[in-house]
Every structure is written in structure tokens, then in C-alpha cells.
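In: From the sequence below, what's the structure:
(3 chains)
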Amino acid sequence: MATLTAVRRGLNRRAVQRGLNPLGAGFWTYAALVAVLLGSLFPIYWSLVVASHDNDAIASVPPVLTPGGHLFDNIARVFDTTAFGQAMLNSVLVSGSVTVSVVLFSTLAGFAFAKLRFRGRNVLLVMAIATTTVPQQLGIIPLYILMAELGWTGRLEAVIVPGLVTAFGVFLMTQYLSSAIPDDLLEAGRIDGCSTLRLFWHVVLPAARPAAAVLGLFTFMQAWNDFFWPLVVLTPENPTVQVALSSLASGYTTDYALVLTGTVLAIVPIVAVFAALGRQIIGGIMSGAIKG
Amino acid sequence: MTSARSGPRRRWIYQLDVKGSPYLYIAPFFLLFGAVGMFPLLYTAYVSLTDWNLLDPAREWVGLANYAELVADDYFWNALFNTVSIWLLSTVPQLLAALFIAHMLNRRLRARTLFRMGVLLPNVTSIVAVTIIFAQLFGRDFGMVNWALDLVGLDPIDWQAGTLSSHVAISLIVIWRWTGYNALIYLAAMQTIPEDLYEAARLDGASQFTQFRKITVPMLRPTIIFTAVVSTIGGFQIIAEPLLFQAGTGNPTGGSDRQFQTVGLYLYEQGFSMYEFGYASAIAWTLCMIIVVMALVNFAITRRIRSS
Amino acid sequence: MSAGRIRLAAGALAVGMLAVGCGGSPSPSTGSAPADSKITLTLNLFGNMGFKELYAKYEAAHPNIKIVERTSAYNDHHRNLAAHLATGSGTADIEAIDTGFVAQFRNQPQHFADLLKHGGDQLKDRWLPWKWEASLAKSGAQIGYGTDVGGLAMCYRRDLFEKAGLPTDRDEVGKLWPDWASYFETGKRYTAKKPEGAAFFDGGPQVFNAMIGQAETGYYDTQDNVVVATNPAVRSAYDQVLKAVADGQSAKLVGSSPAWNTGFAKSQFATIACPAWMLAKIQDQGKAFAGQWDVAAIPGGGGNWGGSYLTVPAKSKNLKEAVALITWLTTPEQQIEVFTKHGILPSTVATYDKPEVTGLKHEFFNNAPIGQIFTTAARNLKPQYQGPRAGDIQTAIRDAINRVEEGKQDGAEAWTQLLGDVERISK
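Out: Take a look at the predicted model:
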């Protein structure tokens, strides 16, 4: 419920005139912001530093703060000594399938909820929205039992299938489509004899693209970073990146340089996406729509 | 597109399409969500009423025995205390810092996008990677934090060993990851505050700080409470950070004395280390109730503020 | 706002994904490559067992076999194995099991191939008798073949001993500590003059493990009753270790943790109880200290800590090939190679007479005669009965000693809490 009102507010906000504080930022504002920026960057930078040295660097006093020349050695060792290559491929498969599916099903359902009249619509919509607040993490035990019954434990299906739909996605697309597509357009299509499926394909999907892109980005990042359920249901033998990383960190022969090289490898794809599309992601959050 | 042709058959198909297809479009969501989201949660309630160990084929209906055991379980209360402590230590400073950062971002800035992306960056990095990094920074013998403490003449701290120190370290991980995200939510809300309110205040000679306190914060109150609710739902389920903070010790106990074991981690220990599915389900269901109560309390507060 | 750019990127993303493959195809971790009908055998291990060179040899002799080894952390490995057996999926073709967990798994023989039915009945005499019996189920089935034993010695750093004014020669060092009391006395002498940052031993729990490994009875009596609270050997070892911790002899590092690994590289301790398998570990972690490490006799003499078994889950898709591989890996010839290359001590008794074993010296450990030291240790070893939850109890004791090392509790408080934990475990 809280989410719903927040998003309503968020969408209305666009209409409101942007009220930037007219005060320019002074020296102290910049100084403070730069400090915040450095604080945000430092842990990531430091992991890169350690990843580019050999293992002795981690425990040196004073600590090393500049990159060394071992990064590529270490990357090669990560792929040699662990299932990291497999993990990367698995993560791409999982995040990719989940993203495509979430975007598709959310847009479909969003279209129905936003633009089609049918019996029970309101009740069903409220139900869908209410499920966003369900702490799904707490259902892991039956979910595990279910996966064991299906023989999926240790297999990628076990992490893909539970991620195929999200209530949040449905909700976001419903909100977006109800304002993004004029009813007249659909009406005109109908008079031309278009079936709803054709309308979906030719009118709704193209119009949904901006929101779908944001939803896709968020879904991909979330799926890539998802840890707890994959940890429970997958094994170190067939892991996603996050699971591989955690077993690297708790492995029998821990080598910090190796572990932090792993963290760098796990972060890099997401940071790359973020660097390319950060503006859109920020837009998504600022529209108040994206729930953590 | 072809023009409409009328005819009974066509009309029938049209009717079917209009009346029936919506259900088809929402079906994937409801079916899948029901199977992998809703059903497990409900089934948890059933499992919690049984004595069910994964490694033992015998299953027994025990009624509320698991809950009775839970209420008398010191480790559960310890975990609940740790959860609340870490939640408070992470949420309060996080939201205050986010407000402050949002306030700064809400000025006319050069490199605005750069700053916004910078504060959000921690949020897109993975919990696993971040926790591993922080666990090294907070290392006892060679961690950079202790090195810095030493520089300023303070004694090193065994961050993992202490109750408060481990809570602080874990909270910092949460704070680092979520402050920027909340700052952007606040920033969005700040931009909806009508400019004339500030203008009027300035005419009255109100200082920057007074404006922030008397206008910005009150106008943001619903957003603040919304973020508090979201942080509560997330904070009470925290598992990955305490689990990975002790990586390499092999047991999800949250330290030698369970000093940073949260309820979520206790659920994980019972469920996937001991494989006591019945008892773990009782923990899950109890935690779910606690979260619902906390969310309702927050919701009630939200409403009261709006009506007053 | 560049809507075009985002659209493009999203499109590229989607296309990329479709190209990689929609829907989750299971990853081929245990599957075999269809093109050349090779059989892939996977082994799940929890540490370096010294098999790497042997795989190549086996693959060369069996062109249709490909071997993949996966390693995960000790506790995770056994925990996952238990769940995978119970749910009937996720096990590899071959699973390693440690001594501390073997009793738990021999109680579920239905999950494992009975090796007696695959030629094991002919092989019984390969192993030390107690090693063979420890993996024997009540039903009479044999669930695993023994690989190594954890016959004990004490590894020490010559350079640190010298700085502390102690003898460095391994025989003289061995004479310093005929029993544990004199080991801790030596610890006091060492600590009085210790080099900065280098404690006497790595951590209380590890010393405790070595001590309890020598006792006649450990955590269980032979009827599978937990006797932690009543066995005087447990309490005595516990008290002695905590006394030494109080004297500042411990580096307070948790065994197998990342910090412990760093401890080797940063010389944070001068001695470590070393079962034969620890040699590989020390060598991996403290490469810079070749020649500085040496191996002396263990205080108290004899004793066992760790040691493993190779099992084949009944669900293995390549059961016959897997059994053939573990049979081959545990032949005396291959085990000799494991010992000479990695210092991991075989449980195959026939190897103990071989000159290449008894005469083996280890260059990294200052040419210590490890062949002689460890075969003697293995022969003198009094086998100790292991009960079902021994591994979990060991972890609970570790936590108790850690609580004292971290200054959170005194010995009595930690002991009381430990007994409560043990009761939960054995419930």
C-alpha cells in the first residue's frame, strides 16, 4: 500500500514544476559531496587495488593504496582454480532469462490491468500489488522442498523459475501504461478490427519501451546480485557468480588477492551497465517507482 | 490494419477476445507467483506445525510445539535483539545522512549527474562483494580500519568479536549500500516542494537551516516514513551481511557467541545447516508476523500524520 | 535524456540474451560431452587431497574418462552432501567425507554404493583395520575407501625458535615436549622472549583437536552416546588449552579462516599441530618460509586428526566408473605418489614399509624425515571411535574456546554454554 501511494506521488511529481533550490552550491557543499563520492568509491577502488597485487599486499602495513601489476595474473588464476567461468555463464543465463520473462509478463499483465475492462479487475490488481509486500525470502523452506521434489536442486531452473515474474514489475507497468497510452488510440485500433493481442504487439509494446527498459535494467541487476536463494539451492559446483564468490571467500585455501579479484569480476558487469545507463536508472528511482 | 467487418461469428470472436483475453494476460503472473511466491509462504505455516528434518524421512505433526520451543529459545531472542540493534544502527544514520545528501544535491550543481551516479553506485554492487570487501577492511590484525585507528593513536578493535563492534561494522555495510538510494528518493520528493514556501521563509529572514527544518523535513515526512517502512521490511530480513561477515569459519552462527546472528541467519542455520525444516519454518512465520506488525505500525503512523 | 540510447541498449541486451539461450537449460556440470561420448567423473572434495597429478595419469590410461574436481569449504561440503543425499539430487560421482562426519554418513548406507559388492571385499587388507571399520555401516555395507590418515606431528618455525632462544634441531625440539604440559611450558619460555607478532601456537581450538585426537575416548562412547560432559579427557584438554591462552601463547586465529591463512604468510605463530595433511596447507600458504618450517614429534605421541574417505553416492550416473576410479586412487602405488608429492599420509598400510615412503624427506620442511615421522605416528595411533555428530560437536567446542580467546567469556561460562550447545546437537 505504502508503495502504491509513493508511486502515485512519484508519477504526479512529473507534472509538478521542478522546484530546484535556487541557491547555488558553495564550496562546502562541493567539498561534502566530493567526500561522499570518495566514500562511495573507495571500497570498490580498494578491491581493485588488492586484486592487482599478489597475496602479500593485503596484510602489508601501511596498506597499499595504488594498483599493482598482477590483475591479469589474478584473473587467470580465478578462472583456473574456481568454477568462475561457469559461474559467469550461469549468471548471464539466469539474469537474462529472468529479465526477458519479467519484462514480457509484466507488460502483458500491465496492459490488461491498465487498459482492458474485465470482471474482478480491481480485486486482482489489489491482490497483485499487495504481494509486493510479501517477504518472499521467508518461504525458502517450502520452496526448497518444492525444488527437491522437482529434482531441480543444484540446477539453474531452481533459480530461474522463481524469478520469472515479480509483482513489482506488474505494478510498475500498470502504472506506466495507464498514463502512457491514450485510450483513443486503442479504441481506434479496435474499430479497425485489431485483436487485443495485435494491439499489444503493435501499440502497447512500442509505447512501453521506456518503462520496460528501466524495469529490465533493474531486474537484471537484481538477478545478477541475488545471493541468498541461489546459495541455498545451488552448489559450489554449479554456481552463479555470487555463490562462486562466497565459496571463494570461504574456500579451503583462501588467497585474498584471488577473492578480491573475484569481487571485481562480479561487480564489473553491473558497474559497466550502470555507467552506460546510470541516467535512466536514476530517473527510474527518482520517479519514485523503484522499490529496493 | 483491415477494416471491421460485421458478422455473428466475428462478433463472437470479438466478444471472446475482449472478455477473455485479459485473464490470459494476467494468468502467467498469477500462476507463477502463486506457485513460487504465495504457495511456499502458506506452506511454511504447515511445515512449522510438524517435526520435519530433511535428513530424516520420519515426519510428525506436532501442533504448536515448535512455537513453544521458539519462545523459550535463548538463541532466538538473542537473534531478535541483534536484528533490532543492527536495524536501528543502520536505519537511523542512513536516513539522516540521506536527507542531508539529498539537501545538498538539491542545489544548482555542476556535474549533477556525476554526483547522483556516484552516490547510487554502492547500491548496484552485490552484497556478497561488498561484504567481503568490508570484512577485510574490518579485519582484526591487518584491516585498514584498525590501521587507521592506530594512526590516530587508538587501540585496534576486534570488530567481529564484540557485540556492538560487529553490529556497527555490519550496519556500515548496509548504510554504505543504501544511503545514496534513499537520498535520491528524498531528492525527488524535495523537488516537488513549491518554491514559494522557501521564498516566503526567506522574506521572513529564516536561515538555511531553519528552512531545512521547518519546510523541507515536514514536507518530506510521508516520504521519510515510506523509506523507513521499506528499510524495516528489508532490515528485519537481513541475512547475507552477517553470514558473509564471518566467511571462512564455516558456520552460520554469527560469531562464536552468536553476537551478530540475526533472525534471518538463525533461520538459515536451523533450516540449511541443521536441516530442521519444521523449526526453521516456525522462525520464518514468526519473523513474517513481526514484519507485518512493524509495517502496520508504520502505516498507522503515516495515516495519522496525513490527517493531522 | 537519450531515449534512443536506452532503447538501443535494452534491445541489444535482449538480443544478446536470446542468443545465449532462453529458458534455463541446466548447466552441464555432471553431464557428459555428447560429441565424443566421454564420461565425465566429478569429485567433490573439501581440500587439497593431492590427486591432481593422478587424474592426468588416469585420463591417459582411460581415454574415455574425463575427471573434474571441485573443492569447497569443509563445513559447507559436508552440509551440502547431507542435503543432496536426502533430496536425491546434486551429488557428484565421487564425494569425499572426513573422519569427523563419516559416522553420520555410514548411518545412511542406502545413499551410497556398497563397495563390498564392487570388489571391495577383496581389498579389505589394504587399509589400517580401524580405518576400514570406521566407514563400515551397521548393515555391513562399506560406504567408502580410506585415503589419508591424520597421524600427528608438530610443525615449528626454526627461525622463530632461534630468536626466542629455543633449540632448533628437530630431535632436541621433540625432547622439549614429551607431553602437553611440557609443550605449554615451552610455550611460556617462548612467549617470554617471543619475536614481535609471533605467538606460540595458531589458535586454541586447533591445539585442542590434536590433544583430543590422542585420547582413548573422544566425544562419543562406542554406543553412540555423547560423553563431552563426562569424559575427563575433554575437560582436561580444554582447561590446559585455556590456561595457555591466558598465558598469551595463542595467536587466536580461527582454523581454516582467511585470517588463519594470512597468519602463515605473516608469521603470526611459531608452532602448529600438524597432521600429515597440514603439510600441504603450510606449503601453500607460507611459500616464503621454505626451509624455516620443520617437523618434530607431537607431544603425547600418536593421535589422529582428520583423514578422509572417498565414497560413491548410489545416485551416481557413472557408478561403475566412479568405483573403478576410487579403487585405483587408493591403490598403494598411487597413494605412495600422493605422499611423496604432497606429504599426505596414506591409510593403505602396505605403503608404510616401502623405502620411498619411510625414507622420504621434505625439502620445504628443512628435509625433515616425514616418511619416518608420520609412518611411526600412524602405526602408534590408537584409533578413537567417532560418533554421528562428531564434526558438529568439534565446531561447538571451537566456538567455546574462541569465546574465551576473544575475551567474551571465562572458561567456566564458555563450558556451560558449550554443554548446552552439545545437548542441542545430540538431541
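
In: From now on I want contacts and neighbour counts done on CA atoms only, so please keep to that.
Out: Noted.

In: Can you give me the distance of A:Pro210 to B:Ile170?
Out: Using C-alpha to C-alpha, to the nearest Å, A:Pro210 is found at 36 Å from B:Ile170.

In: Just give me the neighbour total for residue 248.
Out: Because you didn't say which chain, this covers chain A. 30 (other C-alpha atoms under 10 Å in any protein chain shown).

In: Chain C was what I was after
Out: Applying other C-alpha under 10 Å, we find 18 residues neighbouring C:Gly248.

In: what's around residue 125, how many residues?
Out: Picking chain A for this. By other C-alpha under 10 Å, 20 other residues sit near A:Leu125.

In: not quite, I wanted chain B
Out: 25.

In: Break down the stretch 201-308 of chain B into its helices, ranges please.
Out: Using DSSP state H, counting those that start in this stretch, the helices of the stretch 201-308 of chain B run over residues B:208-211, B:217-235, B:240-245, B:263-272, B:277-307.

In: Going by neighbour count, list what's buried in the shortest one.
Out: In this case it means helix B:208-211. Residues of helix B:208-211 classed as buried: B:Gln211 (neighbour count, 16 or more other C-alpha atoms under 10 Å in any protein chain shown).

In: what do you get for the second one?
Out: Residues of helix B:217-235 classed as buried by neighbour count (16+ other C-alpha under 10 Å): B:217, B:219-233, B:235.

In: so who does the closest residue to A:Trp224 other than its chain neighbours touch?
Out: Closest residue to A:Trp224 apart from its sequence neighbours, by C-alpha to C-alpha, 6 or more residues apart in numbering or on different chains: A:Ser95 at 5.6 Å. Counting by C-alpha atoms under 8 Å, 6 or more residues apart in numbering or on different chains, A:Ser95 touches A:Ile160, A:Thr219, A:Phe220, A:Met221, A:Ala223, A:Trp224.

In: what sits up against the one helix or strand the second one maps to?
Out: What it means is A:Thr219. Secondary-structure assignment from DSSP states H and E places A:Thr219 in helix A:205-225. The contact list for helix A:205-225, computed with C-alpha under 8 Å, 6+ apart, reads A:91-92, A:94-96, A:98-100, A:102-103, A:107, A:163, A:169, A:172-173, A:176-177, A:180-181, A:241-242, A:270, A:280-281, A:284, B:124-128, C:3, C:6-7, C:10.

In: And for stretch A:61-72?
Out: Under C-alpha under 8 Å, 6+ apart, the answer for stretch A:61-72 is A:46, A:48-54, A:57-58, A:261, B:142, B:144, B:147.

In: Also stretch B:260-271?
Out: Against stretch B:260-271 from outside (C-alpha under 8 Å, 6+ apart): A:141, B:76, B:78-83, B:163, B:166-167, B:236-240, B:242-243, B:251-255, B:275-277, B:279-281, B:283-284, B:287.

In: Give me the neighbour count for the residue in the stretch 301-427 of chain C that chain B sits nearest to.
Out: Nearest residue of the stretch 301-427 of chain C to chain B, counting by C-alpha to the nearest C-alpha: C:Asp399, 4.6 Å away. When neighbours are defined as other C-alpha under 10 Å, C:Asp399 has 23 of them.

In: picking up where we left off before, can I get the helices of the stretch 201-308 of chain B in JSON lines including mean pLDDT?
Out: JSON lines is the format used below for those (pLDDT from 0 to 100):
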{"stretch": "helix B:208-211", "mean pLDDT": "84"}
{"stretch": "helix B:217-235", "mean pLDDT": "85"}
{"stretch": "helix B:240-245", "mean pLDDT": "92"}
{"stretch": "helix B:263-272", "mean pLDDT": "94"}
{"stretch": "helix B:277-307", "mean pLDDT": "82"}
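
In: Format those as CSV; extra columns: distance to C:His118.
Out: CSV is the format used below for these (distance: least, C-alpha to C-alpha, whole Å):
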stretch, distance to C:His118
helix B:208-211, 82
helix B:217-235, 53
helix B:240-245, 42
helix B:263-272, 33
helix B:277-307, 36
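
In: and the closest residue to chain A within the stretch 101-250 of chain C, how many neighbours?
Out: The minimum distance from the stretch 101-250 of chain C to chain A, using C-alpha to the nearest C-alpha, falls at C:Gly197 (12.9 Å). Other residues near C:Gly197 number 12, with proximity taken as other C-alpha under 10 Å.

In: ok but it is inside a helix, no?
Out: No: according to DSSP: H, G, I helix; E, B strand; the rest coil, the state of C:Gly197 is coil, so it is not within a helix.

In: show me the contacts for it.
Out: Taking C-alpha under 8 Å, 6+ apart, we find C:Gly197 in contact with C:Ser267, C:Gln268, C:Phe269.

In: next one: the longest strand along chain C to chain centre, how far?
Out: In chain C, taking DSSP state E as the definition, the longest strand is strand C:144-157. The chain centre lies 8 Å from the centre of strand C:144-157; the measure is C-alpha atoms, centre = their mean, to the nearest Å.

In: next SSE after that strand?
Out: Next helix or strand after strand C:144-157 toward the C-terminus (DSSP H and E): helix C:158-163.

In: Now the helix or strand following that next one: buried residues?
Out: Per DSSP H and E, the first helix or strand lying C-terminal to helix C:158-163 is helix C:170-176. Within helix C:170-176, the residues that count as buried by 16+ other C-alpha under 10 Å are C:Arg170, C:Val173, C:Gly174, C:Lys175, C:Leu176.

In: How confident was the prediction at the fourth one?
Out: What the model reports for C:Lys175 is a pLDDT of 95.

In: returning to that earlier point: put the buried members of the contacts of A:Ser95 into a PyMOL selection.
Out: Restricted to buried positions by 16+ other C-alpha under 10 Å, the PyMOL selection for the contacts of A:Ser95 reads:
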select buried, chain A and resi 160+219+220+221+223+224
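
In: residue contacts, residue 125?
Out: By default, I'm working from chain A. A:Phe113.

In: wait, I meant chain B there
Out: A:Asn225, A:Ile267, A:Ile270, A:Val271, B:Arg177.

In: now with 10 Å?
Out: Shown in contact with B:Thr125 (C-alpha atoms under 10 Å, 6 or more residues apart in numbering or on different chains): A:44, A:221-222, A:224-225, A:263-264, A:266-271, A:274, B:177.

In: which pair in these spans the largest distance?
Out: Taking C-alpha to C-alpha, the two most distant members of the contacts of B:Thr125 are A:Ile44 and A:Gln222; they sit 18.6 Å apart.

In: returning to what we had before: let me know the helix or strand that the residue nearest to A:Trp224 is in.
Out: Applying DSSP H and E, one finds A:Ser95 within helix A:84-115.

In: Can you list the buried residues in that helix?
Out: For helix A:84-115, by 16+ other C-alpha under 10 Å, it's A:84-88, A:90-115.
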